[in-house]
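> dropping a prediction and its sequence here:
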Amino acid sequence: MRSYDLSPLFRSTVGFDRMNRLLDTAYNTEVPSYPPYNIEKLGDDDYRVTMAVAGFRDEDLEITQKENALVIKGNAGGNGDGATYLHRGIAARSFERRFALADHVNVVDAKLENGILLVDLKREVPEALKPRRIAIAGAAPTPIEQKAA
C-alpha cells in the first residue's frame, strides 16, 4: 500500500491538525471487522449506526460521545449461564469501535433490539452558525420636485 506524505499541505495552514490526524489514520490503520456495522444516511441531517451485537445485553454495552468522537464498547459477560458449549459460533468477545463525527453531530438515541444496536445521530447546527439573509438598506427615496413650466 502506498504511503503519502501530506506535510507540504500543512506548512501553510493553521488549525487543520484534526484533518491531518484523520488522513493519517485512514491510511495507516487496519479496520477490525468485528462487530459488523452499517452507517446509514436517513436524511439531510440524520444518520444511524447499526451494529450487530448478538449475545450482548444493555449492561454489556457502553456508548460515549466526547467532542467529535463516538466510542462504542462491548464487554463480554462470559458464561453467566454455566452452559458447556459443544460449538460456540456466536462471538462473545469484547470490542471497542470508534467513529469520527463531523462538527455539530450528536447522538440523539440508542436502542438494542434483537441483537442489533441502533445509534441515531443528528447534525444540529447552532442558530448562530446558520447562514442568514441580510437585508440591504438603501437610501430613502427623495421626493421629486415639480416645477411649473
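That came through, no problem. These figures come from a predicted structure and were not determined experimentally.
> report the beta-bridge partners for Arg48.
Beta bridges link Arg48 to Glu40, Asp120 when assigned by DSSP bridges.
> in contact with it: list those residues for me.
Asn38, Ile39, Glu40, Leu42, Leu118, Val119, Asp120, Leu121 (CB atoms under 8 Å, 6 or more residues apart in numbering). Heads up, the C-betas are built off the backbone N, CA and C, glycines and all.
> and the gap between the second one and Val49?
Going back to what we said before, that points to Ile39. Using CB to CB, to the nearest Å, Ile39 is found at 6 Å from Val49.
> before we move on, what about the first one?
When CB to CB is the yardstick, Asn38 and Val49 sit 7 Å from each other.
> tell me the pLDDT at Met85?
In this structure residue 85 is Tyr, not Met. Turning to Tyr85, the model gives it a pLDDT of 80.
> would you map the strands across this structure?
37-41, 46-52, 61-66, 69-74, 95-100, 105-113, 116-123 (DSSP state E).
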